[in-house]
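Novice: Return atomic coordinates for the entry below.
(4 chains, ligands or ions: 4)
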Number of protein chains: 2
Amino acid sequence: MSSIHSHSKKNQSLTKNQRIVLDLLQNSGEPLKAYFILDSLKKEGLNSPLQVYRALDKLVELGKIHKIESINSFIICNNSNCASNTAFTICERCGKVKEIKNKYLKDSVSDLVKDNQLEITRYNLEFYVLCKSCKIN
Amino acid sequence: MSSIHSHSKKNQSLTKNQRIVLDLLQNSGEPLKAYFILDSLKKEGLNSPLQVYRALDKLVELGKIHKIESINSFIICNNSNCASNTAFTICERCGKVKEIKNKYLKDSVSDLVKDNQLEITRYNLEFYVLCKSCKIN
DNA sequence: ACCTCTAATGTTATACTATTACATATGTAA
DNA sequence: TTACATATGTAATAGTATAACATTAGAGGT
Ligand SMILES: [Zn+2]
Ligand SMILES: [Zn+2]
Ligand SMILES: [Zn+2]
Ligand SMILES: [Zn+2]
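Specialist: Ligands and ions are numbered 1, 2, ... in the order given. As a prediction, this is how the structure comes out:
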């Protein structure tokens, strides 16, 4: 593959397994669990948990998806400048997850740590909420 | 036990299993994993994972300990007004965890969600950092 | 003291989440 | 081509957490 194609590598450089896992998360838009992804992609050729976890790890590293720690689930990044900083709202009643979009969020959140002796690498912020529709009903 | 003792019930109302799990976390001060707690308390009579998880669940509910989601560990609450809101720094190199103490933190963090249509129940904020001593070395 | 209800316990089995280990293949660059 | 890094495939295993059910302990009311 010559360098003439290198400008289109943004998503093209993903491998087959990474691609199909990303596509599934993209099409779903919801948080999915690793073993659900495995089951969903059996027909595409995924056979073992490790294949899923390896793809997920890489996609997290690339910033294309996020892991929501408290529910052991993965979701497509719905933002463009997260790096590895994540912020979500998670409805405690229906489970709906939304990524918080706020371009000043990173600075605001980081300001919360007053201790200048430590260097902040990244953060994960999870809000447990009652979403609009669950609040009504 | 007559009501003359009820003023000292703050910690007295814990059951034996809850007590020994809390004591271990208190004495450790570090985040501990459930199965480590189980191994450590075999001699005190804990035999099964469920006994540990039940005690941990209760202590979390009481606000005496916190779960650090991203490392599947539990740590004594080192603050007095967390309710179920949690904020930690976690060193990516040495693993040291500290609870962030800041009495204005709750308001500051909650302000980050602009969407008034949802009701915030609680939050969990995890900062990944390079701690002071790891930064030097 | 007795009854009643709730919460906690003990135990076994099982479900769910994630990694180790190792052999093989693929892509990239000198 | 050779070398190196990265990704794959597969099997086994480690680590985290809950379901189900029978039993017991504790608090409160009568
Ligand atoms: Zn994102
Ligand atoms: Zn909801
Ligand atoms: Zn606390
Ligand atoms: Zn450190």
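Novice: Check the gap between the residue in chain A that DNA strand D sits nearest to and A:Ile65 for me.
Specialist: Per CB to the nearest atom of the strand, A:Thr15 is where chain A lies closest to DNA strand D, at 2.9 Å. The C-beta positions use only the backbone N, C-alpha and C, and glycine is treated the same way. Counting by CB to CB, to the nearest Å, the separation of A:Thr15 from A:Ile65 is 15 Å.
Novice: Which one's more surrounded, those two?
Specialist: A:Ile65 (21 against 11; other CB atoms under 10 Å in any protein chain shown).
Novice: Which residue is the nearest non-sequential neighbour of that one?
Specialist: Using CB to CB, 6 or more residues apart in numbering or on different chains and skipping residues adjacent in sequence, the residue nearest A:Ile65 is A:Leu59, 4.5 Å away.
Novice: Now the one you found: which helix or strand?
Specialist: helix A:49-61 (DSSP states H and E).
Novice: and that helix with ligand 1, contact?
Specialist: No: for a cut-off given as CB under 5 Å from the ion, helix A:49-61 has no contacts with ligand 1; the smallest distance is 10.5 Å.
Novice: That helix: how far from the chain's middle?
Specialist: On the basis of CA atoms, centre = their mean, to the nearest Å, helix A:49-61 sits 11 Å off its chain's mean C-alpha point.
Novice: Who is the residue sitting nearest the centre point of chain A paired with across the strands?
Specialist: Residue closest to the mean C-alpha point of chain A, counted by CA atoms, centre = their mean, is A:His66 at 1.8 Å. Beta bridges link A:His66 to A:Ile75 when assigned by DSSP bridges.
Novice: can I assume the residue nearest to A:Ile65 is in contact with A:Val21?
Specialist: Yes: contact criterion CB atoms under 8 Å: A:Leu59 and A:Val21 qualify, at 6.5 Å.
Novice: the more surrounded of the two?
Specialist: Between A:Leu59 and A:Val21, A:Val21 has the larger neighbour count (other CB under 10 Å), namely 31 against 22.
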